[in-house]
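just the structure for this:
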Amino acid sequence: MAKLVLWDIDHTLIDTRGVGRELSAAAFQRAMGQPMREQAKIDGITESVIFRQTAKLHGLTTDRADFERFADALTEEHLRQAAELRERGHALHGAAAALDALAALGIQQTVVSGNIRPVSEIKLQVFGLDQHILWDLGAYGEESDVRASLVHSSLQRANTSAVDAVLIGDTPADVEGAHANGVRVIAVASGHSSEAALRNAGAEVVLSDLQDTEFLVKLVRGSISRPGPSARDMPC
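Numbers count the residues shown, from 1 in each chain. Sure thing, here's the model as predicted:
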């Protein structure tokens with residue numbers, strides 16, 4: 001049975017329904033002194049890369065100090081607009097039950113996310129999904145440009161081997177970052193990536209969502225292994 005689950009956040013556990021982009025735009029204007037007219041690709045990308053690439057779209061060259069200023073502003077915007085985030089966004093169906101069920105088995109759970117840590121904490125707190133997360137074992141978007149490095153950092157912090165970990169995420173980048181470290185993946189097609197795209201990235205199993213808690217637990221425990229093209233077609 002897996003001893004550690006590494007969760008992605010956006011489109012795996014929650015959906016901000018566009019609020020996240022609005023808060024990023026507000027933080028960008030505060031940090032860089034001009035409106036954010038467009039945003040770089042965000043799916044599976046760490047916050048430091050998103051910021052740098054977004055700045056380039058505006059003809060700006062940035063350094064670490066610029067990113068840290070943006071990260072501080074982004075945290076403040078999430079705190080200031082927490083009620084708006086709660087009103088317009090939502091926890092994805094099955095997320096709370098999955099977290100509770102894994103915790104009941106004594107499995108450690110943390111976050112490997114492209115979000116910076118303060119924003120990760122706020123997002124899950126807003127939707128009541130933070131109770132079982134061991135934040136100090138996680139890895140976050142301010143730490144590295146490369147998702148595989150975040151997975152590696154989390155494994156080290158948890159003192160857990162790759163074979164004892166499972167990553168649950170919604171993008172090919174999640175799959176690739178996990179596999180670069182030898183970590184098994186349960187992909188969830190609840191974001192912008194299709195089931196086919198996640199299977200093509202090499203995910204061991206792909207779920208359409210997190211609603212079947214019992215089945216998810218079986219997958220994490222390893223009592224079901226490589227269940228075929230689509231897990232949703234498998235009996236529990």
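
use CA for all of it now, contacts and neighbours both
Will do.

strands of the protein, start to end?
Using DSSP state E, the strands assigned to the chain run over residues 4-7, 14-15, 90-91, 108-111, 165-169, 184-188, 205-207.

for the fourth one, packing partners?
Translated: strand 108-111. Applying 3 or more CA pairs under 8 Å, 6 or more residues apart in numbering; DSSP states H and E, we find strand 108-111 packed against strand 4-7, helix 95-104.

quick check: the gap between the closest residue to R88 other than its chain neighbours and N115.
Spatial nearest neighbour of R88, chain neighbours left out: R17 (6.4 Å); criterion: CA to CA, 6 or more residues apart in numbering. To N115, R17 is 16 Å away according to CA to CA, to the nearest Å.

out of these two, which sits in the more crowded spot?
Comparing R17 with N115 by neighbour count (other CA atoms under 10 Å), the higher total belongs to N115, at 25 against 13.

and the closest residue to the more buried one other than its chain neighbours, what does it touch?
Leaving aside its chain neighbours, N115 sits nearest to G141 (4.8 Å; criterion: CA to CA, 6+ apart). The contact partners of G141, by CA atoms under 8 Å, 6 or more residues apart in numbering, come to 46-48, 113-117.

tell me which of those fall in helices.
In helices, judged by DSSP state H, the following of those are found: 47-48, 117.

got the residues you listed as TSV, with distance to L210 and pLDDT columns?
Below are those laid out as TSV (distance: CA to CA, whole Å; pLDDT from 0 to 100):
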residue	distance to L210	pLDDT
E47	25	97
S48	28	96
R117	23	98
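
between those, which is closest to K218?
Lowest distance from K218 to these (CA to CA) belongs to R117, with 29.3 Å.

what about that closest one, distance to S208?
Distance, R117 to S208, by CA to CA: 27 Å.

show me which of the two is the more surrounded one.
Legend: neighbour count by other CA under 10 Å for R117 and S208, higher for R117 (22 against 17).

and that one, what is it in contact with?
For R117, the contact set (CA under 8 Å, 6+ apart) comprises 139-142.

repeat that for 6 Å
Y140 (CA atoms under 6 Å, 6 or more residues apart in numbering).

show me the shaky parts of the protein.
Applying pLDDT under 70 to the chain flags residues 223-236.

okay, now the domains of it?
Using automatic domain parsing, the domain parsing of the chain gives 4-15+90-233, 19-86.

what about V175, neighbour count?
Per other CA under 10 Å, the neighbour tally for V175 reads 28.

tally of neighbours for R157?
Neighbour count of R157, defined by other CA under 10 Å: 13.

which non-adjacent residue is nearest it?
Per CA to CA, 6+ apart, closest to R157 is L137, 5.1 Å.

try L150
Of all residues not flanking L150 in the chain, A139 sits nearest, at 5.2 Å (CA to CA, 6+ apart).

V112 is in contact with the one you found, correct?
Yes - A139 lies in contact with V112 (CA atoms under 6 Å); the separation is 4.9 Å.

measure the residue nearest to N115 to E68 for me?
Distance of G141 to E68, computed by CA to CA: 12 Å.

how about I45?
For I45, the distance to E68 equals 17 Å [CA to CA].

next one: G169
Distance, G169 to E68, by CA to CA: 26 Å.

which of these two has more residues huddled nearby?
More neighbours surround G169 than the other of G169 and E68, with 31 against 14 (other CA under 10 Å).
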